[in-house]
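> could you work out the structure for the sequence below:
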Amino acid sequence: MDEFRRLYLQLCKDQDTEPQESVLQQVKELGSSPKHGPSRLDLSTISLHVDTCAVLGKALSTDRSFLEIRLADCMLNEEGAKLLLHGLCSNTMVKNLDLKGNNLRGVGAESIGKLLKFNKSLRSVCLEWNSLGMFASSFTILSEGLAANRTLQVLDLRNNQITHDEAAEIAAALRKNETLRTLDLRWNNVGIVGGRELLSSLQQNKTLTKMELSGNNVPADTIKAIEQALSTNADRILMTSEYQDRTRMLTSEIDSIKKDRSMQVSDLLDRIDQQNENLSKTQRSSAHKIGRLQEALEERKSSFNSLAAKLKMTEAAQALAEQKSHDLGELLTKSRQENNQSQVHHQAELMKEKEDRNASEAKMRKDLAGVHDRNLQLETKVDELERRNRALQDQVFELKETVAHLNAQIKVTNTQSDERQQREQQKHKDAMKDAEHLRQQEVSRVRLEAEETERVLKERIQKMEMRRMELEEEISRHKSSLVSEKSKYEEQLQQAKTRIKHEQQQRVSQLEERLRMEQMSKEELQNHSDHQSSQVTELQTKHTGAVMEIEGLKRKMEEINQELAGKNAEKMTAVEKVRLELNQQASKLEAEKLANTELNERLEKVEKQLRDQNHRHREERRDLETEVTSLREQVRMKDAEINRIRDDEVQRARMLQSAINNYVGGATGGRS
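Sure thing, here's the model as predicted:
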């Protein structure tokens, strides 16, 4: 508030204007109040000069301190109001403006029209006790501003000398305005014509929910029709708000479902990445093990080469042969120990592979459980679609009830018109033959129109019933497709389980066969080592036979190396098979993911069709409402025409009776 006070004083100083004490006092009171944040500027009953209005307009154009401004009974002249309202055109903070009792006329109306056209923050404007309707051209600018406004919700125009011409301008503005909720026109001179214009504007305006017209010489039936139109607007706004709330809820649910699915997909991708990492680790470990085995084989080759050199040296020195045989015995024991260690290591690797397969099977079971949960979610969505279908059926039943109600109203109006016709026939049978004939024609035409509208409404209801049945059939088709897909996925899951189990059994049998072959090879190696030891004992006596036996040992070592290489190749093929199986599982999971996306797309298509059906239903209901209002207006006009004809006939009868009385009086006077 101190900032606004300083700005006001600075602008007064810049324009060589004396600050108005009453305004300064009001601003000081606002600044001394304990309330903080946006507040209210109340200058009511303070007579504001033109210079003060100019300064206030400039200060308020950039001010962001006030939400409400009250300028009631400030005795503003036309120029001061123009300057003040011009400043408020660029204000973006003020929500409520009170200009009550300032006797604003032509220039004031034009300034208010510009304010409504350019201001983007006003929600409520009070213009009570002014004279805005005195100049039609100025009021036209005000109406144009109201038509262009997109934020105003409450407008008070009480006691503004508004006639039927200005009411027509307001009606034209209401046809374009889409935000105004409350309009107060009490204690003006709108009249019958203005009331009809306002009523016709409500056929296009669907946002106005309250209009006050007391003290305007508007007929009761027009006011009643306006109230009915306003009530339909209120119901429509309520329905649109409920529909928007539902759409927001549905969008939030769809977003949450999409988020859950994305999280599930990311989890699945993480699992696949983890499996790939595990595979790469196993590959690296197996490569490292193969390298160590190759190093061991190289060491064995070098040891056997050394043995061959030592055996050759036995030809030169028989004494060294015994020492060499002892070294060979130690090397054989070491090789036996290494073979035992390699056998234990292979068994541990087989157990580890079994554990990894069990873990992968558990993960696949978890993934299958997730797919089952997704199918359950899809079934819940189908149930939700059925609930929406039932809601549409309820709306169709409500439309049928409204049609029956309209038929009853038409029948009541027909009975009332028949009763009026009988009374008029009894009173003025001779004088009302031509009028009666015309009225009967109009009544028959109205009946035909009512029957035609009833037939059209029945046809529309039948079409909506057919559409509902089509939607039910489509939902049943989707259900059957979901059930078939579910059964197909379950069969595929069972087949995958049996296939994996069979493959695991085959792998276990193959590994057991390999283990048995390795044990046999081990026994053969042991027998061979025993035979070699006997040959070493024979070397002590036969040096030449030892050389030949060493060459046989070399050949046998080469065969062992070949067997080890074959075993390594078999191990690599087994690893490649496991890798291919994991890739196939990943491709199957991707196929299931694509199937789920297709199901989601189908559900989105069904939801889109339901939204389109709701939109068409709202349009048909809007058309029905417009037809009902037009029928009511036609019935009201016919009643007014009948009343006018009746009044004319009564007036003619009175004139005829007075002429007869004058004639009888003149005849009696002549006789006397």
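> from the centroid of this protein, which residue is nearest?
Centroid check for the chain by CA atoms, centre = their mean gives T251 as the closest residue, at 2.9 Å.
> for the helix or strand encompassing G87, which helices and strands make contact with it?
If you go by DSSP states H and E, G87 is part of helix 78-88. With contacts taken as 3 or more CB pairs under 8 Å, 6 or more residues apart in numbering; DSSP states H and E, helix 78-88 sits against helix 50-61, helix 106-118. The way it works is simple: take the backbone N, C-alpha and C, and place the C-beta from them, glycine included.
> wait, which of those is closest to A287?
Proximity to A287 (CB to CB) singles out helix 106-118 among the helices and strands packed on helix 78-88, at 78.1 Å.
> now the angle from the closest one to helix 78-88?
Calculated by axes from the mean of the first three to the mean of the last three CA atoms, to 10 degrees, helix 106-118 forms an angle of 10 degrees with helix 78-88.
> could I have helix 106-118 exported to CSV, CA atoms only?
Provided in CSV are the C-alpha atoms of helix 106-118 (Å, rounded to 0.1, in the frame of the first residue of the first chain):
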residue,chain,number,x,y,z
GLY,A,106,-22.8,8.4,-23.2
VAL,A,107,-19.0,8.8,-22.7
GLY,A,108,-19.2,6.6,-19.6
ALA,A,109,-21.0,3.9,-21.5
GLU,A,110,-18.3,4.0,-24.3
SER,A,111,-15.5,3.9,-21.7
ILE,A,112,-17.1,0.9,-20.0
GLY,A,113,-17.4,-0.8,-23.4
LYS,A,114,-13.7,-0.3,-24.1
LEU,A,115,-12.9,-1.6,-20.5
LEU,A,116,-14.9,-4.8,-21.1
LYS,A,117,-13.2,-5.3,-24.5
PHE,A,118,-9.6,-4.8,-23.4
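> for that helix, name the packing helices and strands.
Helix 106-118 sits against helix 78-88, helix 136-148, with contacts defined as 3+ CB pairs under 8 Å, 6+ apart.
> E178: what secondary structure?
Here E178 is recorded as coil under DSSP: H, G, I helix; E, B strand; the rest coil.
> so where do the helices sit in the protein?
Remark: helices assigned in the chain by DSSP state H are 2-14, 21-32, 50-61, 78-88, 106-118, 136-148, 164-176, 191-201, 220-313, 319-427, 433-539, 543-671.
> which one of those lies nearest to R40?
Going by CB to CB, the one of the helices of the chain nearest R40 is helix 21-32, 8.0 Å.
> about what we covered before: nearest to K114, of the helices and strands packed on helix 106-118?
Between K114 and the helices and strands packed on helix 106-118, the shortest separation by CB to CB is 6.3 Å, and it involves helix 136-148.
> how far is that closest one from where the chain is centred?
With CA atoms, centre = their mean, to the nearest Å as the basis, helix 136-148 stands 39 Å off its chain's centre.
> just how off-centre is stretch 372-382 within its chain?
With CA atoms, centre = their mean, you get 20 Å for stretch 372-382.
> now stretch 296-303
Worked out by CA atoms, centre = their mean, stretch 296-303 lies 73 Å from the chain centre.
> likewise stretch 500-514?
Centroid displacement of stretch 500-514 relative to its chain, using CA atoms, centre = their mean, is 53 Å.
> can you list the helices of the chain in TSV and add distance to I69 and mean pLDDT?
Output for the helices of the chain, formatted as TSV (distance: least, CB to CB, whole Å; pLDDT from 0 to 100):
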stretch	distance to I69	mean pLDDT
helix 2-14	12	86
helix 21-32	11	81
helix 50-61	7	91
helix 78-88	8	92
helix 106-118	12	94
helix 136-148	18	94
helix 164-176	23	94
helix 191-201	29	93
helix 220-313	28	83
helix 319-427	46	72
helix 433-539	51	74
helix 543-671	39	74
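> would you reformat those as a markdown table and include distance to L157?
Listed next are the helices of the chain as a markdown table, based on distance: least, CB to CB, whole Å:
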| stretch | distance to L157 |
| --- | --- |
| helix 2-14 | 30 |
| helix 21-32 | 27 |
| helix 50-61 | 22 |
| helix 78-88 | 16 |
| helix 106-118 | 10 |
| helix 136-148 | 9 |
| helix 164-176 | 8 |
| helix 191-201 | 12 |
| helix 220-313 | 16 |
| helix 319-427 | 34 |
| helix 433-539 | 37 |
| helix 543-671 | 25 |
